[in-house]
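Novice: quick check, what structure comes out for this input:
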Amino acid sequence: MKVFGKYSSYYNLLYKDKDYAGEAEYVHNLIQKYSPGAKNILDLGCGTGRHDLLLAEKGYSVTGVDQSEEMLAIAKANLSTLNSQPSTLNPQPSSLNPHSSSLNSQPSTLRFTQGNVRNIRLNETFDVVISLFHVMSYQITNEDLNAAFETAKTHLKKGGIFIFDCWYGPAVLTDKPIVRVKRMEDDNISVVRIAEPVMFPNENLVDVNYSVFIRDKKSGAIEELKETHRMRYLFLPEVVEFYEMNEMEIIFSNSWLTDHKAGFNSWNVCFGGVKKS
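Specialist: Numbering: from 1, shown residues only. Predicted coordinates for the structure are as follows:
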C-alpha cells in the first residue's frame, strides 16, 4: 500500500492531540526572528494543511504542496469550509501569545497544490520555505534529500529561510525506537495503531511498520491496514553540507519547540538556513 494511502483517512483522528497551534506559533516566532519582513510561505509536504491554516490566520500567504491526493482532499475540504467564513483568514493576534506580532497589513491567502517535494517547480519565489512533521526524514537517499533541498533553494528569494524538522541521529541512537501503541476515537470510529520499528544502523534508517485497526462503532465492523514508513535520521554535519550545497547557510539547529541546541535528548530537531544568493 502506498504510504499515506488509506492511512490519510484516519490521519486527523490519530493526530487530533497534536499541538498544531503551538507548532504554528513556534514557526511563526522563528520567522519573525530570522526573517521579520516575510509575507509568503511555501510548505513542502503540507499533509492535511493544518499548519498552513494556522499560519494563514496569522496573515501569511501560504502555498501548501503535497504528493498525496488523499491528504490534499482533506486540506481542500478544510479550506472550503473556511472560505465560507469570510473572517477566518483575516490576520489575528496569536491566541497563545497576545503580544506576538501578526501581519495586520497583509491580506492572507491559502492554496494547495499537488506535487512531489523533490521536483515540483511553481515558477515563483517565497520569503520562507517550511517542511514540517518529518517530511525531510522521508527523503531516505542522499539524492532525494538533496533534491528536496534544491526545491527549497529554487523557491526561496535571496535572504529567504528554509525551516524543517526531522529525526535527529544522536537521539535516535541514544534512545532507540520501541514498539508503541496509540488509541484514539471519535463518535463514529475507534482506532488502534501499533508501530513496530526495525533499525538499519548502517543506512541511518528506521522502518516503522504500522498496523492500524479501525472499528466502526455502529456496525462493529473492523478494518485492518498495514503500512511501512521508512524514516531517515539526520546528523548536524550532513545537514550543514546539504544547506551549503544548495547555496544556503545554517542559522540554527534547535530541539523542536524550544530554543535549546540539539543534543542526545532531541529526537525531533528543527533546522533553519538562509539563502545566500
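Novice: contacts, neighbours, all on C-alpha from now
Specialist: OK.
Novice: and the closest residue to Glu69 other than its chain neighbours, how close does it get to Gly64?
Specialist: With sequence-adjacent residues excluded and distances taken as CA to CA, 6 or more residues apart in numbering, Glu69 is closest to Gln114, at 7.0 Å. Counting by CA to CA, to the nearest Å, the separation of Gln114 from Gly64 is 8 Å.
Novice: domains of this protein?
Specialist: Following automatic domain parsing, one finds the domains of the chain at 6-168+233-275, 172-232.
Novice: dump those domains into JSON lines; add mean pLDDT and mean neighbour count as well.
Specialist: Below are these laid out as JSON lines (pLDDT from 0 to 100; neighbours: other CA atoms under 10 Å):
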{"stretch": "domain 6-168+233-275", "mean pLDDT": "88", "mean neighbour count": "19"}
{"stretch": "domain 172-232", "mean pLDDT": "95", "mean neighbour count": "15"}
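Novice: now Ala38, what's its secondary structure?
Specialist: coil (DSSP: H, G, I helix; E, B strand; the rest coil).
Novice: my guess is it contacts Ile31. True?
Specialist: Yes. Ala38 lies in contact with Ile31 (CA atoms under 8 Å); the separation is 7.1 Å.
Novice: anything in contact with each of these two?
Specialist: Val128 (CA atoms under 8 Å, 6 or more residues apart in numbering).
Novice: need phi/psi at the residue most central in space within the chain.
Specialist: For the chain, Leu132 is the residue whose C-alpha lies nearest the centre (CA atoms, centre = their mean; 2.0 Å). Backbone torsions of Leu132, given as degrees, to the nearest 10, read phi -110, psi 170.
Novice: hang on, it packs against Gly45?
Specialist: Yes. Counting by CA under 8 Å, Gly45 is a contact partner of Leu132 at 7.2 Å.
Novice: list the contacts of Phe200.
Specialist: By CA under 8 Å, 6+ apart, the neighbours of Phe200 are Val206, Asp207.
Novice: how near is it to Asp207?
Specialist: Phe200 is 8 Å from Asp207, by CA to CA.
Novice: now do Arg232
Specialist: As judged by CA to CA, Arg232 and Asp207 stand 9 Å apart.
Novice: what's the answer for Ser68, then?
Specialist: For Ser68, the distance to Asp207 - CA to CA - is 20 Å.
Novice: ok, Leu145 next?
Specialist: For Leu145, the distance to Asp207 - CA to CA - is 17 Å.
Novice: how are the helices of the stretch 151-277 of the chain distributed by residue range?
Specialist: Per DSSP state H, counting those that start in this stretch, the stretch 151-277 of the chain carries helices over the ranges 169-174, 236-245.
Novice: so which of these gets nearest Glu150?
Specialist: helix 236-245 (8.8 Å; CA to CA).
Novice: what's next to that closest one, contact-wise?
Specialist: Asn146, Phe149, Glu249, Ile250, Ser253, Gly273.
Novice: and these as TSV, adding distance to Val191?
Specialist: Shown next, in TSV, are those (distance: CA to CA, whole Å):
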residue	distance to Val191
Asn146	36
Phe149	35
Glu249	43
Ile250	40
Ser253	35
Gly273	38
